[in-house]
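Engineer: Sequence plus the predicted model coming up.
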Amino acid sequence: MIAVAIAFLLFIVVPAARRSLPISWWFREIGYDVVFVRTVTTRLLLFLVAGAVGSATLYLNLSIAQRGVVPEPVMVRMGETVAPVDVAGATRRLRLPISILFGIVFGLGVSATWQVLLQWLHPTPFDVADPVFSRDIGYYVFSLPALSVALGMISTLAFVSLLATVPTYFFRGDVVVSPRRLRIEPSAGVHLAILLAVPFVVTALRLWFVDSAELLYSTTGPLVGRATPTCTRRSPPSACRRSPPLPPRWSCSWKARGGCWGGTACSPSAATCR
């Protein structure tokens, strides 16, 4: 624990403070101290909350996997003169440092999404609804990225927990791999099944809420934005209709997919035929 704390101070706190000090001076010179304080505070809160959630999640799963008495533990012998090592007992002693280390890494990764959190907390309505789902365009700018990040966090926690519990059950003898069959204890099977089900549930939620909304986006060029096509190469002239107007911040990223009927060109700003 002391080694982890020293490494955290030397490799994370000290470099971050050294980078933040000149930036704070610059914000102070231009009179925007509140921007710097809000940024640092948000990143610190994200790191603490996400790190605590990540550590608690991994520690809880390891504690569930290591509960009870091990009837036939896996013993590893390092040498002829060295006593065999109980791997299950060693992992039981290391579960807290491993959970804390993972929480630090997980918190650092989540803290990089501070801007997404601030956008979600302070949304601005565009007062323009998309033509497919009838949602305000501000939902795609402020709420959808936050939902995508949250689902990604849940997937990461489930994957890491599964990656840590499978070897734990194996070294405890709850998962036995034989040449012709795989034997899993009922309690271990329920735990692993729940961890395996979480990514599938998250994938379903992502397809329903996130990927369905991406039907309104185009990633075929350097500018990315809403791209609801109103005319294609096979569309008759009546299909080329004017799309709902967009705010100025979106007009630069509007793209039409393909040309219009008869070889006429489509205007990239409003997807109209001319």
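Structural biologist: Ah, there it is.
Engineer: Residue 25: how many residues sit nearby?
Structural biologist: Residue 25 has 10 neighbours, counted by other Cβ atoms under 10 Å. Any C-beta I mention is one placed from the backbone N, CA and C, and that applies to glycine too.
Engineer: I misspoke; the intended subject was residue 108.
Structural biologist: Neighbour count of residue 108, defined by other Cβ under 10 Å: 16.
Engineer: Residue 124 now?
Structural biologist: 10.
Engineer: Quickly find the element holding it.
Structural biologist: Under the assignment given by DSSP states H and E, residue 124 is not contained in any helix or strand.
Engineer: Isn't it up against residue 138?
Structural biologist: Yes: counting by Cβ atoms under 8 Å, residue 124 does reach residue 138; the two are 5.9 Å apart.
Engineer: Spell out the residue ranges of the strands in the stretch 101-250 of the chain.
Structural biologist: 175-177, 182-184, 217-218, 225-226 (DSSP state E, counting those that start in this stretch).
Engineer: So which other helices or strands are in contact with the first one?
Structural biologist: Yep, that's strand 175-177 we're talking about. Under the contact definition 3 or more Cβ pairs under 8 Å, 6 or more residues apart in numbering; DSSP states H and E, strand 175-177 sits against helix 144-172, strand 182-184.
Engineer: Give me the residues contacting that strand.
Structural biologist: For strand 175-177, the external contacting residues (Cβ atoms under 8 Å, 6 or more residues apart in numbering) are 166, 169-170, 182-185, 188.
Engineer: try 6 Å this time
Structural biologist: For strand 175-177, the surrounding residues in contact (Cβ atoms under 6 Å, 6 or more residues apart in numbering) are 169, 183-184.
Engineer: what residues are up against residue 47?
Structural biologist: 107, 111.
Engineer: I meant to write residue 129 there.
Structural biologist: Per Cβ under 6 Å, 6+ apart, neighbours of residue 129: residue 136.
Engineer: pull the helix or strand with minimum mean pLDDT from the protein.
Structural biologist: helix 248-251 (a mean of 40; mean pLDDT, DSSP states H and E).
Engineer: tally of neighbours for the closest residue to residue 187 other than its chain neighbours?
Structural biologist: Distance criterion Cβ to Cβ, 6 or more residues apart in numbering; nearest residue to residue 187, sequence neighbours excluded, is residue 174 at 7.5 Å. Neighbour count for residue 174, taken as other Cβ under 10 Å: 24.
Engineer: what distance separates the start and the end of stretch 175-184?
Structural biologist: 5 Å (Cα to Cα, to the nearest Å).
Engineer: so for that stretch, what's the average pLDDT?
Structural biologist: Stretch 175-184 comes out with an average pLDDT of 79.
Engineer: same check, this time on stretch 63-80
Structural biologist: Throughout stretch 63-80, pLDDT has a mean value of 73.
Engineer: All further residue positions should be reported with the first residue as 507.
Structural biologist: Got it, first residue is 507 now, which makes that one stretch 569-586.
Engineer: residues contacting the nearest residue to residue 661 once chain neighbours are set aside?
Structural biologist: The shortest distance from residue 661 to any non-neighbouring residue, by Cβ to Cβ, 6+ apart, is to residue 708 (4.9 Å). By Cβ under 6 Å, 6+ apart, residue 708 lies in contact with 657, 660-661.
Engineer: sorry, back to before: run a quick check on the residue nearest to residue 693 versus residue 691, I expect a contact.
Structural biologist: Yes: between residue 680 and residue 691 there is a contact under Cβ atoms under 6 Å: 4.2 Å.
Engineer: ok, now how distant is residue 551 from residue 623?
Structural biologist: Separation of residue 551 from residue 623 (Cβ to Cβ, to the nearest Å) stands at 9 Å.
Engineer: So for the two, which residue has more residues nearby?
Structural biologist: Each of residue 551 and residue 623 has its neighbours counted (other Cβ under 10 Å); residue 623 has more, 18 against 13.
Engineer: in what helix or strand does the closest residue to residue 697 other than its chain neighbours lie?
Structural biologist: Leaving aside its sequence neighbours, residue 697 sits nearest to residue 570 (Cβ to Cβ, 6+ apart; 5.8 Å). Residue 570 is located in helix 539-571, with elements delineated by DSSP H and E.
Engineer: Got phi/psi on residue 686?
Structural biologist: Phi and psi for residue 686, reported as degrees, to the nearest 10, are phi -110, psi -10.
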